[in-house]
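S.K.: Got a predicted structure plus its sequence, pasted below:
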Amino acid sequence: MQPVATAEPALGPYLRAIRAHKAVVILTTLAFVLAALFWLSFARTPSYEATAHLLVTPLPQDDQIFRGLQLLRDSGDPTRTVQTASSLVTSPEAARRTAETLGDGWTTQRVLDSVNVEPQGESNILAVTGTADDAELAARLANTFTDETLAVRRDALERDIGPLLDQLRARSEALGSSDTEAAAQLEDRINQLENVRTGNDPTLSVSQDAEVPQAASGAGAPVILALALVAGLALGAAAAVLMELLDRRIRDEDEALAILPLPVLARVPLLRRHLGRLRENEAWTVPPPIREACRTLLLQLPPHDHEGGRVIMVTSASTGDGKTTSAINLAATMAGAGQRVILLDLDLRKADVAHRLNVAQPVHLNELLSPELDLYPLLRTPASLPSVSVLATELQQGDAILLDALYGRLPQLVAEARARADQVIIDTPPLGEISDALRLLDYVDEMLIVVRPGNSDRVGLSTTADLLARTRTEPAGFLVVGGTPGPTSSYYAYGRRRELFVEDEPLPRRTSQPTN
């Protein structure tokens, strides 16, 4: 029975990518935090802000006294009025005068870059903020700019009022005593203009001077470190997801099951020593964890009730998944149980069984095209695995053109192997890379798919799933290479500990105490 495929959580692929590349995430986060610490300790320049306030008092729209002067008038919209005042205050002339007052490398542009004038909320207050790397300098900058702004407005007012007063006096003299009321109004206007001629702009006044700030502005060290931590985690996670998208390897067993939902028949742990590299005359050994995994797999296969031996095809999604080694281990496990086993190396494009088992005289592919083909003379008994009969093939230069003809002879080979053995194991090419294994589907009883997390190609496994679905083939299940042994792993050496003690140093026997 195939397992029911469940929907993967939306964050599943991202969490899997982060787990697979957690070193990248950790190193990226650490780099950001260290960079933030370095910047805070050595490169950060403190920034201080000091703010002075200007009170905006616009003239009424119907004011007649200051008619003809460039003074701020009420527009009917308080927000617009204060914004207009802000543009009047931010003048290059005030910045130039401020730079001259401050000296020490200050320029008009530097002042304009270091001073910010903006309305304070929805009030009629303008906030003049000076920014500098020194607290006292920031306050001095804000206050100096405020004073110079009022001075510029005062000079402009004095310059404009002089000609206006001359005009008003001339009109007053022309009226004389002919119109006493009009003359009185002109005299009153002249007096008020004389009062403000050398004073400040009546629409702008200092509400509050800037004070020396007690601390630097901007985020504190804890906030910056927290932001660096979050940025490092985000960038590291993004890098992990990108690496996962570019990496075509299956990361874990769950990802393989999401692509091709099959039962996991066994999990084979990776060994420290590569079993495929045998020295001459060295026996092929199946370590207890692998032998137990193979036994567990074989016990889950359905009973074979057909005439002749059972034929098991071993394939994979991609090269390097461990299918050839798995086929040899299965054959050795079956032979160890006293069964007659034939191992057929039908991965004709990349035959590797002869190399793995040190077969002295592998079969050339042209020998399989003989009209009088007989399997028995082609079987070899390798010294490294004498209990298994092996058809070990070898591809020579020019044999590739024979492959299509050779696959036409395979049914006969499989039929003869079935007749001579209890179990027939066939090593085939990776189904995810080449479709040769499909030619044998009608002649095998079971198909095993070897998958190796960290090596199996994701696209190859998807291709395998598509081919199996189109051919309506249901494999027996997965053999996972690199998986964790099952719960019985502690019983691989069951009984051996007591035997060693008995043979080398028998345990002392308990005797009853003598009774008086």
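M.R.: Ah, there it is. Numbering: from 1, shown residues only.
S.K.: State the mean pLDDT of the lengthiest helix in the chain.
M.R.: Among the segments of the chain that qualify as a helix by DSSP state H, the longest is helix 135-175. For helix 135-175, the per-residue pLDDT values average out at 86.
S.K.: tell me what that helix is packed against?
M.R.: For helix 135-175, the elements it packs on are strand 48-56, helix 92-102, helix 108-114, strand 115-119, strand 125-132, helix 180-196, strand 204-208, judged by 3 or more CB pairs under 8 Å, 6 or more residues apart in numbering; DSSP states H and E. Bear in mind the C-beta positions are built from the backbone N, C-alpha and C, glycine included.
S.K.: now the angle from it to helix 92-102?
M.R.: Computed with axes from the mean of the first three to the mean of the last three CA atoms, to 10 degrees, the direction of helix 135-175 lies at 130 degrees from that of helix 92-102.
S.K.: rewinding a little: with Asp63 as the reference, name the closest of the helices and strands packed on helix 135-175.
M.R.: Across these, Asp63 has its closest neighbour in helix 180-196 (10.7 Å, CB to CB).
S.K.: Quick one: list the elements packing against the closest one.
M.R.: Contacts of helix 180-196 with other secondary structure elements, assessed using 3+ CB pairs under 8 Å, 6+ apart, are made with helix 135-175.
S.K.: What ranges does this protein have for its strands?
M.R.: Using DSSP state E, the strands of the chain run over residues 48-56, 115-119, 125-132, 204-208, 264-268, 310-316, 341-345, 363-364, 389-391, 393-394, 423-427, 446-451, 477-481.
S.K.: got these as a markdown table, with mean pLDDT columns?
M.R.: Output for those, formatted as a markdown table (pLDDT from 0 to 100):
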| stretch | mean pLDDT |
| --- | --- |
| strand 48-56 | 93 |
| strand 115-119 | 93 |
| strand 125-132 | 94 |
| strand 204-208 | 91 |
| strand 264-268 | 94 |
| strand 310-316 | 96 |
| strand 341-345 | 95 |
| strand 363-364 | 84 |
| strand 389-391 | 94 |
| strand 393-394 | 84 |
| strand 423-427 | 96 |
| strand 446-451 | 96 |
| strand 477-481 | 96 |
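S.K.: Any chance of those strands in TSV with mean neighbour count as columns?
M.R.: Compiled in TSV, the strands of the chain are given as follows (neighbours: other CB atoms under 10 Å):
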stretch	mean neighbour count
strand 48-56	21
strand 115-119	19
strand 125-132	21
strand 204-208	16
strand 264-268	21
strand 310-316	26
strand 341-345	28
strand 363-364	17
strand 389-391	25
strand 393-394	22
strand 423-427	28
strand 446-451	24
strand 477-481	25
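S.K.: Turn those into TSV, columns for distance to Leu246.
M.R.: Listed next are the strands of the chain as TSV, based on distance: least, CB to CB, whole Å:
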stretch	distance to Leu246
strand 48-56	46
strand 115-119	46
strand 125-132	45
strand 204-208	59
strand 264-268	27
strand 310-316	22
strand 341-345	34
strand 363-364	41
strand 389-391	40
strand 393-394	36
strand 423-427	31
strand 446-451	21
strand 477-481	23
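S.K.: follow-up on the earlier one: distance from the chain centre to the longest helix of the chain, please.
M.R.: In terms of CA atoms, centre = their mean, to the nearest Å, the centre of helix 135-175 is set 62 Å apart from its chain centre.
S.K.: Would you mind listing where this protein has pLDDT under the threshold?
M.R.: With pLDDT under 70 as the threshold, the chain has low-confidence stretches at 1-9, 176-179, 271-281, 396-401, 483-516.
S.K.: Now do the domain split for it, please.
M.R.: Partitioning the chain according to automatic domain parsing yields domains covering residues 12-44+220-246, 48-208, 253-490.
S.K.: most neighbours per residue, which of these?
M.R.: Comparing the domains of the chain on average neighbours per residue, with mean count of other CB atoms under 10 Å, the densest one is domain 253-490 at a mean of 18.
S.K.: Dump the helices and strands packed on helix 135-175 into JSON lines; add distance to Tyr443 as well.
M.R.: Output for those, formatted as JSON lines (distance: least, CB to CB, whole Å):
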{"stretch": "strand 48-56", "distance to Tyr443": "84"}
{"stretch": "helix 92-102", "distance to Tyr443": "92"}
{"stretch": "helix 108-114", "distance to Tyr443": "83"}
{"stretch": "strand 115-119", "distance to Tyr443": "84"}
{"stretch": "strand 125-132", "distance to Tyr443": "83"}
{"stretch": "helix 180-196", "distance to Tyr443": "111"}
{"stretch": "strand 204-208", "distance to Tyr443": "96"}
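S.K.: my guess is Ile250 meets Asp457, correct?
M.R.: Yes. Between Ile250 and Asp457 there is a contact at 7.5 Å, judged by CB atoms under 8 Å.
S.K.: So for these two, which residues contact both of them?
M.R.: Common neighbours of Ile250 and Asp457, using CB atoms under 8 Å, 6 or more residues apart in numbering, are Ala317.
S.K.: picking that back up, got the angle between the longest helix of the chain and strand 115-119?
M.R.: Relative orientation of helix 135-175 and strand 115-119, computed by the same axes, to 10 degrees: 60 degrees.
S.K.: what inclination does helix 135-175 have with respect to strand 125-132?
M.R.: Per the same axes, to 10 degrees, the angle that helix 135-175 makes with strand 125-132 is 140 degrees.
S.K.: quick revisit: figure out which of the strands of the chain is closest to Ala256.
M.R.: For those, the distance to Ala256 is smallest for strand 446-451, at 4.9 Å, taking CB to CB.
S.K.: if I pick Asp201, what's in contact with it?
M.R.: Under the criterion of CB under 8 Å, 6+ apart, the neighbours of Asp201 are Leu71, Leu72, Leu150, Arg153, Arg154, Leu157.
S.K.: need those residues in CSV with distance to Ala221, can you?
M.R.: Formatted as CSV, these follow (distance: CB to CB, whole Å):
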residue, distance to Ala221
Leu71, 48
Leu72, 44
Leu150, 39
Arg153, 42
Arg154, 45
Leu157, 48
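S.K.: Which one of those is nearest to Ile449?
M.R.: For Ile449, the closest of the contacts of Asp201 turns out to be Leu72, at 83.4 Å, with distances computed as CB to CB.
S.K.: Tell me which of the domains of the chain lies nearest to Gln214.
M.R.: domain 48-208 (7.5 Å).
S.K.: how about the CA coordinates for stretch 303-314, as PDB?
M.R.: Taking Å, rounded to 0.1, in the frame of the first residue of the first chain, the C-alpha atoms of stretch 303-314 are listed here in PDB:
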ATOM      1  CA  PRO A 303       5.200 -13.800  -1.700                       C
ATOM      2  CA  HIS A 304       6.400 -15.100  -5.000                       C
ATOM      3  CA  ASP A 305       3.900 -17.600  -6.400                       C
ATOM      4  CA  HIS A 306       5.100 -17.800 -10.100                       C
ATOM      5  CA  GLU A 307       7.100 -20.500 -11.700                       C
ATOM      6  CA  GLY A 308      10.800 -20.000 -11.400                       C
ATOM      7  CA  GLY A 309      12.700 -17.500  -9.300                       C
ATOM      8  CA  ARG A 310      11.700 -14.000  -8.400                       C
ATOM      9  CA  VAL A 311      13.200 -11.200 -10.400                       C
ATOM     10  CA  ILE A 312      13.900  -7.900  -8.600                       C
ATOM     11  CA  MET A 313      15.000  -4.800 -10.500                       C
ATOM     12  CA  VAL A 314      17.100  -2.200  -8.600                       C
END
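S.K.: No more questions from me, cheers.
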